[in-house]
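> could you work out the structure for the sequence below:
(one chain, ligands or ions: 3)
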Amino acid sequence: MNVAARIRASLGRPLNVEGLALSPLSKIGIAIGPIHGKSTEELLRAADVASDLARHTQPPVVVYRVETDIHSESRLELLTRLRRALDDETLEVWFQPKVDAISGLVVGAEALLRWQDQERWIPPDLFIPAAEAAGMMNELTDFVVRRSLAAVAKWKANGHSLGVAVNLSPSSLEDSDLPARIAGELRRFQIHPPSLTIEITESVVMGLGQTVAEGLSRLRSLGVRISVDDFGTGYSSLRYLKDLDIDELKLDRSFVQDLSVSDRSATIARAVIGLGHSLGLQVVAEGVETVEARDLLNEMSCDVLQGFLVARPMDETKLARWLDRHQTKQTRPDRSVRITKTGPAK
Ligand code: C2E
Ligand code: MG
Ligand code: MG
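Ligands and ions are numbered 1, 2, ... in the order given. Here you go, the predicted model:
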């Protein structure tokens, strides 16, 4: 651990890149031979698993343990425990604030699933695809929608007016009853529909064609907002931007993170923001980690910022305390221009 601390300290020294002082962050996963693996491949894999967990620890240094290696157990075991977590409601929904790029006022929060299982945090990127494959996603989505709308109602009761964004996976869009269930929850918690944003990743929008378009238009008719997440990572097609009724583009964090060091990322970010604005869409930048990125995004007239620089995702209790220290902005009136067949995008 001492050696790891020394390595991190030396990697963390500020670097000067073309006049910019960058402070590199690092995480360390440790695997010891022959206990954790006999070949180079096995050891590297174990170190990789440990460094993945180090994302969620402080300091970010983790020694490999087979008990925390999710890849070493069967998907069935994982799903059995996920089902139990859903039934016991030990699964959690955390929230990450989004702020207006100019005023810094809080405009909303993104709901993100969190699952702590046997003292380890299992990343959503890992359990969501498993749940999707096992047909559990509709229940997970209902759970997230319910928790998120309940949170909006609670924030409102405490004097904070902000909306919430919920991620939907492909199977949820094929679930023809989902719009009715969402409408029911909106009524139950007395939430104005534009306070709910539905995020769908660009690859999903691209991949499912007609089914997605129909699912989306049913959701849209409820009056909720639609956002295209991770924009720029799919095979961005201008065709779907023309045909779909959407409100927001979320610039993928891969462009945001190296904005200040990569001219190409900066050019793409600027182009996406310009494209979004000319279509009447709000543009959100995700993964904003540095002041440099924030300033550049401001210069590019990006509307909303989300990322560790603003705040990390947090549970409801922590967010309530955070909101007490930050001002919220009345949820924007819907400023989007409808992209319909006769809309401005043609
Ligand atoms: P996403 O929707 O693009 O969510 C943003 C991810 O970026 C979150 O990861 C968040 O913690 C992370 N993030 C936010 N700010 C920063 C930053 O400044 N730097 C970096 N490096 N990362 C940042 P998370 O929570 O691990 O979620 C990963 C993905 O899992 C999400 O990506 C989303 O696609 C999916 N997901 C999470 N919750 C749900 C859910 O309830 N339903 C569905 N269908 N998918 C979900
Ligand atoms: Mg998202
Ligand atoms: Mg995203």
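> now do the strands in the stretch 201-346 of the chain.
225-231, 248-251, 282-285, 304-305 (DSSP state E, counting those that start in this stretch).
> in the chain, where's the longest helix?
Selection of the longest helix in the chain by residue count, based on DSSP state H, yields helix 137-157.
> closest one to ligand 1 among the strands of the stretch 201-346 of the chain?
With Cβ to the nearest ligand atom as the criterion, ligand 1 lies closest to strand 225-231 of the strands of the stretch 201-346 of the chain, at 5.1 Å. Where you see a C-beta, it was placed from the backbone N, CA and C, and this is true even at glycine.
> nearest residue to residue 217 other than its sequence neighbours?
Leaving aside its sequence neighbours, residue 217 sits nearest to residue 245 (Cβ to Cβ, 6 or more residues apart in numbering; 6.3 Å).
> residue 42 now?
The shortest distance from residue 42 to any non-neighbouring residue, by Cβ to Cβ, 6+ apart, is to residue 36 (7.3 Å).
> around ligand 3, pick out the residues from the stretch 101-250 of the chain.
With Cβ under 5 Å from the ion as the criterion, the stretch 101-250 of the chain comes near ligand 3 at residues 229-230.
> what's the single longest strand in this protein?
For the chain, the strand that runs over the most residues, judged by DSSP state E, is strand 106-117.
> what's the neighbour count on the residue in the stretch 1-150 of the chain that ligand 3 sits nearest to?
In the stretch 1-150 of the chain, no residue comes nearer to ligand 3 than residue 110, which is 8.3 Å away by Cβ to the ion. By other Cβ atoms under 10 Å, the residues close to residue 110 number 23.
> lowest average confidence, helix or strand, in the chain?
One helix or strand of the chain scores below all others by mean pLDDT, DSSP states H and E: helix 202-207, with a mean of 70.
> elements contacting the helix or strand hosting residue 94?
Using DSSP states H and E, residue 94 sits within strand 92-100. Here strand 92-100 touches strand 106-117, helix 137-157, strand 304-305, helix 316-325, going by 3 or more Cβ pairs under 8 Å, 6 or more residues apart in numbering; DSSP states H and E.
> of all these, which one is nearest ligand 2?
strand 106-117 (5.5 Å).
> in this structure residue 172 contacts residue 138, no?
Yes. Assessed by Cβ atoms under 8 Å, residue 172 is found in contact with residue 138 at 6.3 Å.
> these two: which has the busier surroundings?
residue 172 (24 against 18).
> so residue 33 makes contact with residue 43?
Yes. Applying Cβ under 8 Å, one finds residue 33 in contact with residue 43, separated by 5.3 Å.
> these two: who's more crowded?
It is residue 43, of residue 33 and residue 43, that has more neighbours when counted by other Cβ under 10 Å, with 18 against 12.
> just the helices and strands packed on strand 92-100: most buried one?
Neighbour counts (mean count of other Cβ atoms under 10 Å) averaged over each of the helices and strands packed on strand 92-100 peak at strand 304-305, with a mean of 24.
> which neighbours does it have in its sheet, and in what orientation?
Looking at strand 304-305 with DSSP bridges, its partner strands are strand 92-100 (antiparallel), strand 282-285 (parallel).
> can you redo those strands as a markdown table with distance to ligand 3?
Converted to a markdown table, the strands paired with strand 304-305 look like this (distance: least, Cβ to the ion, whole Å):
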| stretch | distance to ligand 3 |
| --- | --- |
| strand 92-100 | 10 |
| strand 282-285 | 9 |
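> so which of the ones you listed is the most packed in?
Compared across the strands paired with strand 304-305, strand 282-285 shows the largest average neighbour count, a mean of 26 (mean count of other Cβ under 10 Å).
> does the residue located most distally from the centre of the chain lie in a helix or a strand, and which?
The C-alpha centroid of the chain is most remote from residue 34, which lies 37.8 Å away (Cα atoms, centre = their mean). Counting by DSSP H and E, there is no helix or strand that carries residue 34.
> low pLDDT regions in the stretch 51-200 of the chain?
56, 67-68, 70-74 (pLDDT under 70).
> quick check: residues of it near ligand 2?
So far as Cβ under 5 Å from the ion goes, the stretch 51-200 of the chain lies against ligand 2 at 167, 199.
> stretch 259-272 near ligand 1 anywhere?
No. Stretch 259-272 lies apart from ligand 1 when judged by Cβ under 6 Å from any ligand atom; the minimum separation is 11.9 Å.
> quick check: buried residues in that stretch?
Within stretch 259-272, the residues scored as buried using 16 or more other Cβ atoms under 10 Å are 259-260, 265-266, 268-270, 272.
> which residues in the stretch 1-150 of the chain form helices?
Ranges of helices in the stretch 1-150 of the chain, per DSSP state H, counting those that start in this stretch, are 2-11, 40-53, 75-87, 124-133, 137-157.
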